[in-house]
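Trainee: fold the following, please.
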Amino acid sequence: MRMLFMLCFTIALLLSGRAAPAQDALPADAMARIDAAATSVLNGTGAPSASIAIVKDGRIVYTHAYGLARLEPKTPATPAMRYSIGSVSKQFTASALLLLAQEHKLSLDDPVGRWLPELTRAREVTVRHLLSMTSGYQDYWPQDYVMPPMLQPTTAADILQTWARKPLDFDPGTRWQYSNTNYVIAGLIVERITGAPLLEFLKARIFTPLGMKTVSDIDSAPLGPAEPERYRRFALGPPRPAPKEGKGWLFAAGELAMTAEDLAIFQRQTGRITPLLNGSKETYLIIGRRGGKSFISALITCFIDFKPFITVGETLVVMCLARDKEQARIVFRYVKAILNYIPALRSMIVDQRTDEIELTTGLTK
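Mentor: Numbers count the residues shown, from 1 in each chain. Below you'll find the model as predicted:
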């Protein structure tokens with residue numbers, strides 16, 4: 001039996017823009033505040049550019065880009081440019097598995113050994129462990145830069161041979177640890193089930209149906225000269241063009257690039273492609289509004305890409321479908337850590353409490 005647990009945060013100020021139903025209804029002073037905040041971040045961090053999309057009431061009402069997409073020659077950033085979304089790509093891999101689970105082609109509690117029996121403790125590690133970062137598989141890319149060996153091409157099989165056939169860092173389900181290796185395995189499982197490349201499945205089932213026309217696979221090839229340049233910096237030095245990792249290193253874990261608008265399209269449509277809390281036996285996503293509270297979308301059984309859109313005085317409610325209270329506490333500790341890690345979020349929390357609610361009807365497997 002699974003239980004539904006709820007974590008509540010009361011937000012004091014405007015956190016993230018949800019604009020009016022039409023762009024011309026977004027007040028000029030709101031756009032000015034958004035522009036000022038974005039510019040302030042660029043000035044404070046030294047990042048060359050940024051691109052944003054603002055959503056309110058299910059509509060994208062404001063898109064804008066700031067700074068220089070390329071420093072030499074100086075090229076202003078535009079909203080039509082595609083940016084690598086890095087590990088935000090993982091939510092698409094997770095969504096692919098959730099869609100397959102919805103179609104009963106897998107269960108989140110299936111062992112990975114059903115498809116990849118050669119991996120360490122493959123009979124014990126489940127799909128759920130992969131998506132929730134609790135498998136114990138060691139991260140193949142813990143650094144925040146491209147190491148020299150990663151300039152050479154690799155394959156998903158080679159990554160798993162090196163990092164997923166060694167002893168686990170901990171017993172499955174006992175700890176949380178971020179690991180890109182989990183999502184390489186997840187991507188391979190999608191391909192084993194569908195018989196098609198992961199990106200082909202994502203295009204057919206998510207990108208095309210949602211009208212996401214700018215998505216690019218940067219694992220196969222870098223973005224072109226009309227798109228933003230990749231930059232890195234050493235200590236207090238200036239931004240310098242960053243090297244491109246070899247083909248294969250981004251598979252299923254960080255391979256996508258798109259405009260901010262296309263990413264916003266996916267975020268605002270997530271509830272339509274993933275089951276809601278509706279009494280189904282497999283419930284993964286809770287999103288919506290009820291009783292004056294904002295229910296923030298979160299892939300509950302997956303790695304939580306926490307992207308709230310909250311307005312003044314509302315209560316942020318994160319709901320987690322878990323086997324027991326301890327499993328829910330692990331998720332909530334992670335959510336709290338995110339909120340406390342980001343100063344802009346931490347300063348807006350005026351109250352925090354945890355409610356534990358057990359819902360049994362329709363939630364048992």
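
Trainee: what sits against the closest residue to Thr75 other than its chain neighbours?
Mentor: Among residues not flanking Thr75 along the chain, Ala69 sits closest, at 4.9 Å (C-beta to C-beta, 6 or more residues apart in numbering). The C-beta positions use only the backbone N, C-alpha and C, and glycine is treated the same way. Contact partners of Ala69, counting by C-beta atoms under 8 Å, 6 or more residues apart in numbering, are 48-49, 75-78, 81, 227-229.

Trainee: Ala69 and Ala36, how far apart?
Mentor: Between Ala69 and Ala36 the computed distance is 20 Å (C-beta to C-beta, to the nearest Å).

Trainee: ok so, going back, quickly find the element holding the residue nearest to Thr75.
Mentor: Following DSSP states H and E, one finds Ala69 within strand 59-70.

Trainee: per-residue confidence averaged over that strand?
Mentor: For strand 59-70, the mean pLDDT works out to 92.

Trainee: other SSEs contacting the helix or strand just after that strand?
Mentor: Using DSSP H and E, the helix or strand that follows strand 59-70 in sequence is strand 75-76. Judged by 3 or more C-beta pairs under 8 Å, 6 or more residues apart in numbering; DSSP states H and E, strand 75-76 is in contact with strand 59-70.

Trainee: strand partners (parallel or antiparallel) of the strand it packs on?
Mentor: As defined by DSSP bridges, the strand partners of strand 59-70 come to strand 49-56 (antiparallel), strand 75-76 (antiparallel).

Trainee: contacts for the shortest one?
Mentor: Translated: strand 75-76. Residues outside strand 75-76 that contact it (C-beta under 8 Å, 6+ apart) are 65, 67-69.

Trainee: in JSON lines, list those along with distance to Gln102.
Mentor: Putting those into JSON lines (distance: C-beta to C-beta, whole Å) gives the following:
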{"residue": "Ala65", "distance to Gln102": "36"}
{"residue": "Gly67", "distance to Gln102": "40"}
{"residue": "Leu68", "distance to Gln102": "43"}
{"residue": "Ala69", "distance to Gln102": "38"}
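
Trainee: out of the residues you listed, who's nearest Ala157?
Mentor: Nearest to Ala157 out of those is Ala69 (C-beta to C-beta; 35.3 Å).

Trainee: strands of this structure, start to end?
Mentor: Taking DSSP state E as the test, the strands found in the chain are 3-11, 49-56, 59-70, 75-76, 83-84, 216-217, 231-232, 240-241, 256-258, 288-290, 293-295, 315-322, 349-357.

Trainee: walk me through which strands the fifth one pairs with, and which way each runs.
Mentor: Strands flanking strand 83-84 in the sheet, each with its direction: strand 256-258 (antiparallel) (DSSP bridges).

Trainee: other residues contacting the partner strand?
Mentor: Residues from elsewhere that reach strand 256-258, judged by C-beta under 8 Å, 6+ apart: 82-85, 88-89, 92, 212, 214-218, 223, 227.

Trainee: contacts only, for Lys166.
Mentor: Residues near Lys166 by C-beta under 8 Å, 6+ apart: 120, 138.

Trainee: repeat for Val41
Mentor: Listed by C-beta under 8 Å, 6+ apart, the contact partners of Val41 are 47, 50.

Trainee: let's see it at 10 Å
Mentor: By C-beta atoms under 10 Å, 6 or more residues apart in numbering, the contact set of Val41 is 47, 50, 66-67, 344.

Trainee: widest-spaced pair of those residues?
Mentor: Farthest pair in the contacts of Val41 (C-beta to C-beta) is Gly67 and Ala344. Separation: 19.3 Å.

Trainee: surely Asp109 touches Leu130?
Mentor: No. Contact criterion C-beta atoms under 10 Å: Asp109 and Leu130 do not qualify, at 11.5 Å.

Trainee: neighbour count: those two, which is higher?
Mentor: Counted by other C-beta atoms under 10 Å, Asp109 and Leu130 do not tie: Leu130 has more neighbours, with 28 against 12.

Trainee: excluding chain neighbours, what is closest to the more buried one?
Mentor: Asn182 (4.3 Å).

Trainee: neighbours of Ile265, how many?
Mentor: For Ile265, the count of nearby residues is 21 (other C-beta under 10 Å).

Trainee: also Ala204?
Mentor: Ala204 is flanked by 12 other residues according to other C-beta under 10 Å.

Trainee: give me the local confidence score for it.
Mentor: pLDDT for Ala204: 92.

Trainee: returning to what we had before: what residues does the residue nearest to Leu130 make contact with?
Mentor: Asn182 neighbours (C-beta under 10 Å, 6+ apart): 90, 93, 112, 125, 127, 129-137, 139, 164, 252-253, 303.
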